[in-house]
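> I'll drop the sequence and a predicted model, then ask my questions.
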Amino acid sequence: MPAEASGPSVWPAAGVSRVPYRVYTDPQLYAAEQERLFRGAIWQFVGFAVEVPRVGDFKTTWIGDTPVILVRSGPDEFSAFVNRCAHRGAVLCFEPSGHRQQFTCVYHNWGYSLQGDLKSVAFQRGIRGAGGMPDDFDRSQHNLRKLRVQVLSGLVFASFSETVAPLEEYLGERMTAHVKRMFARPVKVLGSYSQVLHNNWKLYMENVKDSYHASLLHLFLTTFKLNRLSMEGGLALDESGGHHISFSKMATDTVGGTDYESGKLRAQDDDFSLRDPRVLRSWPEFSDGITHAIQGLFPNMVVQQIQNSLAVRVLVPRGVGECELFWTLFGYEDDTPEQLRTRLRLANLIGPAGLVSMEDGIVGNFVQRAIGERPMDQTILEMGGRTVESQDTRISEASVRGFWQCYRQHMGL
Ligand code: FES
Ligand SMILES: [Fe+2]
């Protein structure tokens, strides 16, 4: 990293209760993130095992801005490698998903096994003794760039790093337990979509980790008096500060409806109320009573439980001022048809046009467009104190500070 992008000059002396705006606009920091974070010592979610059910099934994705292929390479084996031919660097697979016996590059037909090993080079021996590769050309030296792979509860993670701790250690006990809670039953993928956000990727992760904006920014919640910060809940952080869970308990009545239906949360006569409360109908998904849980896994993954709307979100940076947010909505194999319908109705809350999450798609840009001229200024993060710790309130920015603590560690800032 260039000298001027590192060291104490980047970060204010006040520490993680301040964030320099430059982290959202500096192209040198963006390049360093690709190297130190995304190709560094992190684990990155690359897909559900059920998305590639048969040997040879693959999906393409990204780790940071590096294109990656996830493939089921054996009955119980997953492989991941960079989606780039070892010869001249052409993209190997253009489709979002598909099936292959082997991967063959369209440019000069180099062929790779499902494990990413180079198996064949067209015209390796030339034609009638003329041309071809040198005699000492060793195919085994030109495999695809392979990643380490680990699976947790049907979630496949990959890493460029040989030194990153095993996945469960990287996540820590509390975060691993939450992943196991969410994925204890076989998953059924319900659908996926993506949205382009016109802001630096970290602004969206901060938004996810900022639990106190929800009742202020999201007018659907305030208008219909939902998800109040007075509900029982809190923030749980791991030791690094980089991962978090924000959780709350919305009371549900005995027949499995929400308090909204029973009238306790319904707005007064002079306020708005929902004509059709089915849009919010839910049942207790887990026995622990937690109805809302947003888990942020460092650096760019979100596991979402909003009542019975379940999803995984992953952010892909697309340059310093833009990113793409990929949503995968899921339920469970053994869902009843009625439960499935409920999940689909609740999906109205989320996504780019979601009744709740619509504003999160633009508010990062509100920041990005205002800081253009002031890269040396800084933001304030003092809600809930100036420290990084778990708290039994959600009126706090502790998990945002935790993100920056972990970020600075990885980036050496
Ligand atoms: S670039 Fe792939 S075979 Fe030449
Ligand atoms: Fe939000």
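Yep, it's here. Ligands and ions are numbered 1, 2, ... in the order given.
> mind listing the helices in this structure by residue range?
Taking DSSP state H as the criterion, the chain carries its helices at 27-33, 167-171, 173-182, 201-209, 214-217, 219-223, 259-262, 337-346, 360-370, 398-411.
> mean pLDDT lowest for which of these?
Considering the helices of the chain one by one, the lowest average pLDDT is found for helix 259-262, at a mean of 52.
> in stretch 113-130, what's buried?
S113, L114, G116, D117, L118, V121 (16 or more other CB atoms under 10 Å). No exception for glycine: its C-beta is placed from N, CA and C like everyone else's.
> Next, format the helices of the chain as CSV and append distance to ligand 1.
As requested, the helices of the chain are arranged in CSV below (distance: least, CB to the nearest ligand atom, whole Å):
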stretch, distance to ligand 1
helix 27-33, 24
helix 167-171, 32
helix 173-182, 37
helix 201-209, 29
helix 214-217, 47
helix 219-223, 49
helix 259-262, 56
helix 337-346, 42
helix 360-370, 36
helix 398-411, 33
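> Now tabulate the ones you listed in JSON lines and tack on distance to E95.
Below are the helices of the chain laid out as JSON lines (distance: least, CB to CB, whole Å):
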{"stretch": "helix 27-33", "distance to E95": "28"}
{"stretch": "helix 167-171", "distance to E95": "27"}
{"stretch": "helix 173-182", "distance to E95": "28"}
{"stretch": "helix 201-209", "distance to E95": "25"}
{"stretch": "helix 214-217", "distance to E95": "37"}
{"stretch": "helix 219-223", "distance to E95": "36"}
{"stretch": "helix 259-262", "distance to E95": "42"}
{"stretch": "helix 337-346", "distance to E95": "26"}
{"stretch": "helix 360-370", "distance to E95": "26"}
{"stretch": "helix 398-411", "distance to E95": "32"}
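> closest to V71 out of those?
Nearest to V71, of all the helices of the chain, is helix 167-171, at 18.9 Å by CB to CB.
> Any idea how far the closest one is from the middle of the chain?
Distance, stretch centre to chain centre, for helix 167-171: 16 Å (CA atoms, centre = their mean, to the nearest Å).
> Show me the contact partners of it.
Residues outside helix 167-171 that contact it (CB atoms under 8 Å, 6 or more residues apart in numbering) are I42, W43, Q150, L152, F157, V164, T176, V179, D238, H243, L297.
> Identify the residues contacting the residue lying closest to the fifth one once chain neighbours are set aside.
Which is F157. Nearest residue to F157, sequence neighbours excluded (CB to CB, 6 or more residues apart in numbering): W43, at 4.2 Å. Contact analysis of W43 by CB under 8 Å, 6+ apart lists Q150, F157, A158, S159, V164, L167, Y170, L171.
> hmm, try it at 10 Å
For W43, the contact set (CB atoms under 10 Å, 6 or more residues apart in numbering) comprises 63, 148-150, 152, 155, 157-159, 161, 164-171, 297-298, 301.
> Would you state the predicted confidence (pLDDT) at the residue nearest to I63 when sequence neighbours are not counted?
Of all residues not flanking I63 in the chain, Q44 sits nearest, at 4.6 Å (CB to CB, 6+ apart). Looking at Q44, its pLDDT stands at 98.
> Who is Q44 paired with across the strands?
A158 (DSSP bridges).
> what about it, how many residues close to it?
Other residues near Q44 come to 25 when the count uses other CB atoms under 10 Å.
> for R39, same thing?
20.
> do you know how far the residue nearest to I63 is from ligand 1?
Plainly put, Q44 is 25 Å away from ligand 1 if you go by CB to the nearest ligand atom, to the nearest Å.
> List the residues that contact that residue.
Q44 neighbours (CB under 10 Å, 6+ apart): 37-38, 61-64, 66, 68, 80, 147, 156-160, 297, 299-301, 314.
> at 7 Å what do you get?
The contact partners of Q44, taken as CB atoms under 7 Å, 6 or more residues apart in numbering, are I63, F157, A158, S159.
> same check, this time on L315
Residues in contact with L315 (CB under 7 Å, 6+ apart) are W201, Y204, M205, N300, C323, L325.
> From Q368, how far out is the nearest residue to the fifth one once chain neighbours are set aside?
Looking back up the chat, that one is C323. Spatial nearest neighbour of C323, excluding adjacent residues (CB to CB, 6+ apart): W201 at 3.9 Å. From W201 across to Q368, the span is 11 Å (CB to CB, to the nearest Å).
> Between those two, which is the more surrounded one?
A direct count of neighbours by other CB under 10 Å for W201 and Q368 places W201 higher, at 27 against 20.
> Where does the record place the domain boundaries for this structure?
44-152, 172-411 (automatic domain parsing).
> can these go into JSON lines with extra columns for distance to P12?
Listed next are the domains of the chain as JSON lines, based on distance: least, CB to CB, whole Å:
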{"stretch": "domain 44-152", "distance to P12": "26"}
{"stretch": "domain 172-411", "distance to P12": "5"}
